[in-house]
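S.K.: need coordinates for the following:
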Amino acid sequence: MVIKRDFYLNKLIECKGNGFVKIITGIRRCGKSYLLNTLFKEHLLKGHVKKSHIIDIALDSDEYEELRDPRKLSVYVRNRIKSKQGKYYALIDEIQMSEEVSSLVEGSETTITFYDVLNGLMKIPNLDIYVTGSNSKMLSDDIPTHFRDRGETFRLYPLTFSEYLPVSGLSEYRAWNEYLLYGGM
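M.R.: The predicted model follows:
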């Protein structure tokens, strides 16, 4: 079943290639991962972007657990960019799961965060970066501070009734009653 989220998808498409990190936030289970990893990825593939140019990473998956170390995440993304030709797209899901890493450099302790990694990756001219993150971890005050003039934030909300109705399989009246009871989750 495909749930159309055209309003949000079109906002992402409008910002494609603008040089900013695109940050999708919202409450749990509102569809952040679905928007990025299904709808937006499908848009890229239909637009003839090669699969090898889409770097998708789900940090909440055990498959990518080691990439929760921001340094390893950076190396992984950089190694996937094989050419300076063509645009690459990094789709990083659940970025807040990336852990801060401290290390000793020349006698002083430094901390590397996912903000540092994303800021570094932004310097790659043929890389377009998209991330999802939970509101509970990525406080709205953090994002503007770390990505001042370099990030575009999208707040995703649960389904509207007009998004819910076509996939409900119910009459408008029954769908409305169910929507009132359960909301857009």
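
S.K.: please make it C-alpha for all contacts and neighbour counts, starting now.
M.R.: Noted.

S.K.: identify the bridge partners of Leu156.
M.R.: Gly26 (DSSP bridges).

S.K.: which residues are in contact with it?
M.R.: 8, 24-27, 30-32 (Cα atoms under 8 Å, 6 or more residues apart in numbering).

S.K.: of the residues you listed, grab the buried ones for PyMOL.
M.R.: Buried members of the contacts of Leu156, defined by 16 or more other Cα atoms under 10 Å, are picked up in PyMOL with:
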select buried, resi 8+24+25+26+30+31+32
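
S.K.: pull the most distant pair out of the contacts of Leu156.
M.R.: Greatest spacing in these, by Cα to Cα: Tyr8 and Ile27 (14.9 Å).

S.K.: give me the three-state assignment for the residue nearest the centre of the chain.
M.R.: Nearest to the geometric centre of the chain sits Val131, at 2.4 Å (Cα atoms, centre = their mean). Taking DSSP: H, G, I helix; E, B strand; the rest coil as the rule, one finds Val131 in the strand state.

S.K.: that one contacts Ile92, correct?
M.R.: Yes: between Val131 and Ile92 there is a contact under Cα atoms under 8 Å: 4.7 Å.

S.K.: returning to what we had before: closest to Phe154 out of the contacts of Leu156?
M.R.: Ile24 (4.8 Å).

S.K.: from memory that closest one sits against Ile129, does it?
M.R.: No: taking Cα under 8 Å as the definition, Ile24 is not a contact partner of Ile129, at 11.1 Å.

S.K.: which neighbours do these two share?
M.R.: By Cα under 8 Å, 6+ apart, no residue touches both Ile24 and Ile129.

S.K.: picking up where we left off before, now do the contacts for the residue nearest to the centre of the chain.
M.R.: Listed by Cα under 8 Å, 6+ apart, the contact set of Val131 reads 21-24, 91-95.

S.K.: which of these lies closest to Val75?
M.R.: Closest approach between these and Val75, by Cα to Cα: Ile92, at 13.9 Å.

S.K.: worst mean pLDDT across the helices and strands of the chain, which element?
M.R.: helix 142-146 (a mean of 60; mean pLDDT, DSSP states H and E).

S.K.: ok, which stretches of the chain are strands?
M.R.: Ranges of strands in the chain, per DSSP state E, are 21-26, 54-58, 88-93, 101-105, 108-112, 127-134, 151-156.

S.K.: noted, bye for now.
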